[in-house]
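Novice: Here's my sequence, what's the structure:
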Amino acid sequence: MGIIALNNTIMKTRISVIYGNNIKKMTQTLLQAENAAERIGDKTASIVLKPNLVLYSDPAQGATTHTEIVEGTIEYLNDNGFRRITVAEGAWIGASTEECFRKLGYYDLRERYGIRLVDTKKDEYVKVSPCGIPMEVSRTLMEAGFIINMPVLKGHCQTQMTHAMKNLKGCISDKSKRDFHRLGLDLPIAALNTVLRSDLTISDSICGDLDFEEGGNPVETNRMMASDNPIILDAYAATLMGYEPEEIGYLKEARKLGLLESGEWEISELSKPIPSESGPKGTAKRLSVYTEPDEACSACYASLIRALRIFKEEGGNPGNMKIAIGQGYKGKTIKIGVGSCCSEATINVPGCPAKASDILTMLRRL
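Specialist: Now for the predicted structure:
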């Protein structure tokens, strides 16, 4: 899983990355790049789509999966002859999945495409005990022929990050969710991923709230990602959030369980980052005083904002620091710059886009 050794050669897990504003088209481009139809194969296979609908919230607020991703996937599957499609999800304790389905357009999708909707809160459960942890898992997911996971890349108040692995928590009963929290989340999440495996992950990293799972402080990146390995995709996502993979508890537990033998990946860019079309909001706006953007691409800018946030939480003080970022700095001599566009800076964090973890290292050294 993840790293495959053949004749002492390490094969890295591919992660497809795309940038843009047409979410449905981006989704379908990712599916094509990942050869999803060929991977599924059997036209009669039961395909389950698992978005993140933790509670009712406009996806623009950074908490829930953009409905266009689900619709784009359904259209792609239909165009390739697949008809047995189910959308399954269970909102967090105290929230209504049916309200999410209704307000976010899922009943309309059912009407137009003939898909099945399953509220996992009301599903039958399969009782399993991976790592000795009893849990009730949705029968719909357990018996699926192919699972397409559609998480939002965002922060979390307990696990720091929530993404592909943790998104499967929406497939268990409310009782099991309570048990997960009682046990500290990290080991239960890793254990769940030993019995319920996503066949393909389409990551909604369009504008996730990089601080809190409930949304409200979205940070625009206009980015989506895809991979057949949710564990390594989470390891890469951690670096985009400003963490090293081993800093995320459930990834550390996944390594102990043999799910993450290495953090090796290679990025296949299907398009280049695009400049942000809107100014920073919320937390990002408050931290923007330390930046000097000039035609900055949203993905790179999001990495800078995330790194600044962590740096300040650690007690760091940027003082009067101004960090240049954006295409407008190409070829210009500046003091501190982030991204390949600022390669002429005296102090530069390379990358297109630069990773938040690398920017954070630079801030700590300064």
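Novice: how many other residues sit next to residue 188?
Specialist: Applying other Cβ atoms under 10 Å, we find 24 residues neighbouring residue 188. Heads up, the C-betas are built off the backbone N, CA and C, glycines and all.
Novice: That one is in what secondary structure piece?
Specialist: In this assignment (DSSP states H and E), residue 188 forms part of helix 186-195.
Novice: Next SSE downstream of that helix?
Specialist: Next element after helix 186-195 (DSSP H and E): strand 200-205.
Novice: what's that next one packed up against?
Specialist: For strand 200-205, the contact count by 3 or more Cβ pairs under 8 Å, 6 or more residues apart in numbering; DSSP states H and E identifies helix 23-33, helix 67-79, strand 146-150, strand 223-227, helix 230-240 as packing neighbours.
Novice: which residues are in contact with the helix holding residue 188?
Specialist: By Cβ atoms under 8 Å, 6 or more residues apart in numbering, the list of residues contacting helix 186-195 from outside reads 128, 130-131, 133, 135, 137, 142, 159, 165-166, 168-169, 171-172, 179-180, 230-231, 249-254, 256-257, 259.
Novice: go again using 6 Å as the cut-off
Specialist: Outside of helix 186-195, the residues that reach it under the criterion Cβ atoms under 6 Å, 6 or more residues apart in numbering are 128, 130-131, 133, 165-166, 168, 180, 249-250, 253-254, 257.
Novice: cool, stretch 256-268 as well?
Specialist: Outside stretch 256-268, the residues within contact range by Cβ under 6 Å, 6+ apart are 2-3, 12-17, 190, 231-232, 235-236, 245, 254.
Novice: What are the phi and psi values at residue 307?
Specialist: phi -60, psi -40 (degrees, to the nearest 10).
Novice: Can you check what angle separates the strand or helix carrying residue 304 from strand 223-227?
Specialist: When secondary structure is defined by DSSP H and E, residue 304 falls within helix 298-313. Interaxial angle, helix 298-313 versus strand 223-227 (axes from the mean of the first three to the mean of the last three Cα atoms, to 10 degrees): 90 degrees.
Novice: and helix 298-313, what other elements does it pack with?
Specialist: With contacts defined as 3 or more Cβ pairs under 6 Å, 6 or more residues apart in numbering; DSSP states H and E, the packing partners of helix 298-313 are helix 282-287, helix 356-365.
Novice: and after the first one, which helix or strand comes next?
Specialist: What it means is helix 282-287. Scanning forward in sequence from helix 282-287 by DSSP H and E, the next helix or strand is strand 291-293.
Novice: ok, that following strand: who's next to it in the sheet?
Specialist: Partner strands and pairing direction for strand 291-293 (DSSP bridges) are strand 323-325 (parallel).
Novice: pLDDT (mean, whole number) over the strand it pairs with?
Specialist: Here the mean pLDDT over strand 323-325 is 94, rounded to a whole number.
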